[in-house]
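Novice: Please find the sequence and the predicted model below.
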Amino acid sequence: MPPPKSAVSDEAPDLEIVGKQVTIHPSGFTGGPGAQDDTITERNLVQHMARFRENPLDFLREISLYMSGMGWRAYDDVIGQPVFYSGFSENMKTSISGSPMLQDKVRELARTRLSVEEKEGLLALKEGANLDEKRARRRHEIESSLREVVDNMMDNMICKMESKPFIRGAYYMCTQLLTRAYHQGIHVSSEEVLRLRAVAQEAAKKKQSIVFLPCHKSHVDYVSLQLICYRLGIGLPVVVAGDNLNIPLLGPFLQHAGAMWIRRSFGNDPLYHTVVQAYIDTILQQGFNFECFIEGGRSRTGKLLSPKFGILNFIVDSVLSGRTEDTIICPVSTQYDKVIETESYISELLGQPKQKENLADLLSSSSVLSLKLGRVDVRFHEPWSLREFLNQQLSRLNQSGLGTNQKLAQTEKGRILRTLGYRVLSEINDVSVMMPPALVGTVLLTLRGRGVGKGELVRRLDWLCERVRAKGGRVAHFYRSPTDLVVDRALDVLGPKLVGVISGLAEPTYYAVDRFQLSFYRNMLIHLFITEALVSVAMYTKIKQGGGPANQRITYEALRNQVYFLSQLFRGEFIFPPEGLSANMENTLRGLEADDVIKITRDGSGTPQYVELSEAERHCGRENYDFYCFLIWPFIEASWLGAVSLLGLTPPLDGGHNTWIDMKKAQDSAQLLGKTLYHQGDLSYFEAVNKETLRNSYQRFEEEGIILVAKDKESRAGPSLKLAPEWTPERDPTSGRVLDRGKLWDFTELIAQSRREGKNRRDGATVSSRVLTMSDIVGRQLFYNAAAPPPAGVSSRQMRRKAIGTDAKL
């Protein structure tokens with residue numbers, strides 16, 4: 001048994017697993033509005049390894065234990081299907097090759113190719129020759145060639161879990177690296193891992209797979225989940241990974257540790273698509289665990305991204321078609337005190353090209369090998385049956401049940417995938433734990449003024465923890481440490497590059513050094529307060545006008561209209577509660593009223609008439625109301641910037657109405673415009689220029705029908721865009737300047753109503769004129785550089801226009 005730890009300890013006792021015996025030493029979080037249990041059941045799942053320089057004997061002893069496979073390290077009694085044995089890869093390839101679906105696809109492609117060759121006269125024979133015999137021989141040759149292609153695809157794709165000594169050594173090495181970076185280890189909830197083991201045991205009996213669907217913030221995500229499964233004795237999942245990581249040395253290592261390589265884009269390659277489907281079918285049919293990231297790539301902003309449906313589509317298709325009986329879905333949240341890659345994320349968001357993965361750069365990074373980045377926190381939602389979920393969805397669509405995949409329309413299948421994706425995201429948010437650095441970073445970014453004293457920082461952190469719990473969220477356990485000590489540890493993890501301190505004052509005063517990078521941590525908890533934030537910035541349309549309380553109250557109807565408009569604007573940006581606008585707004589207003597942040601005036605029947613700030617909130621300087629506004633103001637700014645950049649796409653008077661602008665160049669120009677407006681004082685938040693949020697804004701503009709988007713089928717060029725005719729602003733026929741009127745201008749103004757007013761500006765005609773002029777200057781350059789004719793090969797289907805009720809909102 002490990003020695004007991006003090007209440008204020010950097011580490012919790014380890015989870016003990018010896019053979020089949022699991023011992024949990026007396027949730028790794030506090031959460032919910034009810035009374036909290038003081039019992040800590042969170043545990044650190046990895047121990048610090050001995051260092052050769054500090055203790056060479058212990059270092060050599062540990063290596064011996066791993067190489068010989070002593071105790072749990074042997075990984076012999078695995079919960080799940082047999083893995084890590086010689087011949088595993090060949091057995092998988094044989095099973096995949098035997099897939100009826102794959103064999104049918106090979107025969108179909110061979111027939112298609114044979115038909116083409118006949119039409120081109122490649123099978124022409126002299127009179128009397130046996131054409132059928134030649135057809136059969138040629139078809140056999142084509143099928144043999146295609147099977148060789150399939151074999152090569154499988155060899156590059158499938159994981160090659162062959163050797164237990166290898167995986168023991170890999171576990172030891174990865175734990176060494178991880179505990180050097182995250183000195184407080186990997187923390188899990190005892191209840192959750194016990195439940196996961198029980199689910200895994202039941203799934204193993206039924207030969208069912210557990211499909212882990214984690215969020216994705218860092219490359220450490222898949223390392224930590226593999227380490228947890230190994231430590232718990234659960235079969236390691238096959239991990240879907242982009243082939244951009246398949247680089248020398250690292251690629252083969254990851255492939256032998258469970259990575260499944262897939263292309264970033266399948267293109268028009270039906271054979272590759274079928275091989276991937278057959279491989280996933282084989283994994284699920286044989287009960288091997290599986291892991292893919294619900295967001296696709298890593299989140300550069302800290303919050304969850306919209307779900308990606310590529311791999312989910314394969315999984316759902318396997319169960320819908322009946323090729324797989326059932327599989328178990330397990331959403332996973334991985335949170336960090338500090339994410340290794342945030343500096344590179346900020347560079348990418350500001351427009352720098354993404355650097356190709358390089359093993360030498362990774363291992364030489366000081367952040368990986370020497371910095372103390374706190375801990376990794378992994379939480380598992382309660383697993384559930386995909387088959388039951390699909391049956392529920394099919395019954396809502398009046399379908400008869402599973403095995404009817406061929407009758408399911410593409411739109412209906414798409415609806416099922418969206419429901420599945422957003423359910424998983426919602427459940428990841430439900431189990432996510434708010435880490436101390438994220439809490440401290442949020443407080444620093446949601447206070448007025450240049451800095452904050454230590455006492456005020458502690459007070460607001462306590463308030464924020466209470467609000468997180470009241471919203472049903474989870475706060476990381478501080479191990480009964482006083483809040484000021486928790487703040488000190490969080491500041492130590494964040495470091496002086498993110499948070500600075502001014503000494504020599506009446507009290508130490510802290511300030512945000514890199515607000516852009518610190519926003520990554522604030523975004524980790526914005527989902528908890530998104531409805532409060534929307535209501536607050538909707539109220540701000542009146543509050544920022546100033547005057548007395550009577551002048552700052554807003555009608556319920558006006559409030560509801562602005563909340564509806566903003567929720568539609570950000571529907572691809574945030575994960576909203578599933579109850580719908582009316583219920584969400586009612587619950588939010590009730591909660592803000594109970595917290596004495598707002599006052600609601602109702603008529604005799606109880607229907608809300610007016611909403612305004614409460615006297616208590618005014619008395620405390622609007623600090624709680626401002627908190628909610630500060631959370632979402634950067635996103636308001638980004639959407640406003642995106643809309644302003646569209647004003648610059650107004651064609652010049654001398655032509656250009658048929659000119660299509662490259663989408664990427666348009667977004668790059670929007671960033672340039674944003675940086676200019678920020679430094680000139682017309683944009684309050686520098687983080688509003690990040691390309692991820694701008695890209696989301698352009699996606700919404702496309703869905704609204706504001707812009708038309710087209711893609712050239714004949715080239716690899718990216719999509720192009722232009723303003724829809726009814727949204728195109730007018731130009732003054734004499735001066736040529738863009739006029740501040742029309743649908744796009746009104747749309748931009750509707751966003752601007754909820755913008756934060758800066759200290760050195762007021763929203764008015766002067767700003768409007770200056771911003772319009774700058775947008776036009778940047779936009780004109782795009783027209784000068786663009787080709788005049790529209791892209792060749794543009795079909796009406798590719799030039800999508802989806803109006804979804806914007807006129808009604810305006």
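Specialist: Looks like it arrived, so ask away. Numbers count the residues shown, from 1 in each chain.
Novice: Help me confirm that Lys722 is found in a strand?
Specialist: Yes - looking at Lys722 with DSSP: H, G, I helix; E, B strand; the rest coil, it is inside a strand.
Novice: and it, what are its bridge partners?
Specialist: Beta-bridge partners recorded for Lys722 (DSSP bridges): Leu708.
Novice: where in the protein is pLDDT low?
Specialist: For the chain, the stretches flagged by pLDDT under 70 are 1-73, 123-129, 354-371, 399-407, 478-480, 656, 713-716, 758-767, 787-810.
Novice: helices or strands up against the lengthiest strand in it?
Specialist: Secondary structure of the chain per DSSP state E: the longest strand is strand 328-336. If you count contacts as 3 or more CB pairs under 8 Å, 6 or more residues apart in numbering; DSSP states H and E, strand 328-336 packs onto helix 190-205, strand 210-214, helix 220-232, strand 376-380, strand 384-385, helix 386-396, helix 410-431, strand 433-434. Any C-beta I mention is one placed from the backbone N, CA and C, and that applies to glycine too.
Novice: Out of those, which is closest to Ile262?
Specialist: Closest approach to Ile262 among the helices and strands packed on strand 328-336 (CB to CB): helix 220-232, 13.9 Å.
Novice: and whichever helix or strand comes after that closest one with strand 210-214, angle?
Specialist: The helix or strand immediately downstream of helix 220-232 is strand 238-242, counting by DSSP states H and E. Angle, strand 238-242 to strand 210-214, by axes from the mean of the first three to the mean of the last three CA atoms, to 10 degrees: 40 degrees.
Novice: Distance from strand 238-242 to the middle of the chain?
Specialist: 16 Å (CA atoms, centre = their mean, to the nearest Å).
Novice: and if you look at stretch 730-737?
Specialist: So, by CA atoms, centre = their mean, the centroid of stretch 730-737 is 43 Å from its chain's centroid.
Novice: Go through this structure and flag its longest helix.
Specialist: Ranked by residue count under DSSP state H, the longest helix found in the chain is helix 131-157.
Novice: From Thr773, how far off is Phe266?
Specialist: Remark: distance between Phe266 and Thr773 (CB to CB, to the nearest Å) = 45 Å.
Novice: Just checking: what are the partner strands of the longest strand of the chain?
Specialist: Here, using DSSP bridges, strand 328-336 pairs with strand 210-214 (parallel), strand 376-380 (antiparallel), strand 384-385 (antiparallel).
Novice: now could you export just the CA positions of stretch 727-737 as CSV?
Specialist: Only the C-alpha atoms of stretch 727-737 are listed here, as CSV (Å, rounded to 0.1, in the frame of the first residue of the first chain):
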residue,chain,number,x,y,z
TRP,A,727,-27.1,41.0,-49.9
THR,A,728,-24.7,43.1,-52.0
PRO,A,729,-24.5,46.7,-50.7
GLU,A,730,-24.8,49.7,-53.0
ARG,A,731,-22.0,52.1,-53.9
ASP,A,732,-22.3,55.8,-54.3
PRO,A,733,-22.3,56.3,-58.1
THR,A,734,-20.2,59.5,-57.8
SER,A,735,-17.6,58.7,-55.1
GLY,A,736,-17.7,54.9,-55.4
ARG,A,737,-17.8,54.4,-51.6
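Novice: Residues contacting that stretch from elsewhere in the structure, which ones?
Specialist: With CB atoms under 8 Å, 6 or more residues apart in numbering as the test, stretch 727-737 has contacts from 646-647, 650-653, 705-707, 738-739, 741-745, 747, 772-773, 776.
Novice: List buried residues within these.
Specialist: 646-647, 650-652, 705-707, 738, 742-745, 747, 772, 776 (16 or more other CB atoms under 10 Å).
Novice: Please flag which of the residues you listed sit within helices.
Specialist: Leu646, Leu647, Lys743, Leu744, Trp745, Phe747, Leu772, Asp776.
Novice: Kindly list the main-chain dihedrals of Ala512?
Specialist: Ala512 has phi and psi values of phi -80, psi 120 when expressed as degrees, to the nearest 10.
Novice: Skipping adjacent residues, who's closest to it in space?
Specialist: Leaving aside its chain neighbours, Ala512 sits nearest to Leu444 (4.8 Å; criterion: CB to CB, 6 or more residues apart in numbering).
Novice: So the one you found versus Arg460, what's the distance?
Specialist: The value you get for Leu444 to Arg460, if CB to CB is used, is 9 Å.
Novice: can you list residues touching both of these two?
Specialist: Both Leu444 and Arg460 are in contact with Val452, where contact means CB under 8 Å, 6+ apart.
Novice: what about these two, which has more around it?
Specialist: Taking other CB atoms under 10 Å, Leu444 and Arg460 do not tie; Leu444 has more neighbours (24 against 21).
Novice: Check whether that one really touches Asp514, as I assumed.
Specialist: No - Leu444 is beyond contact range of Asp514, at 10.9 Å (criterion: CB atoms under 8 Å).
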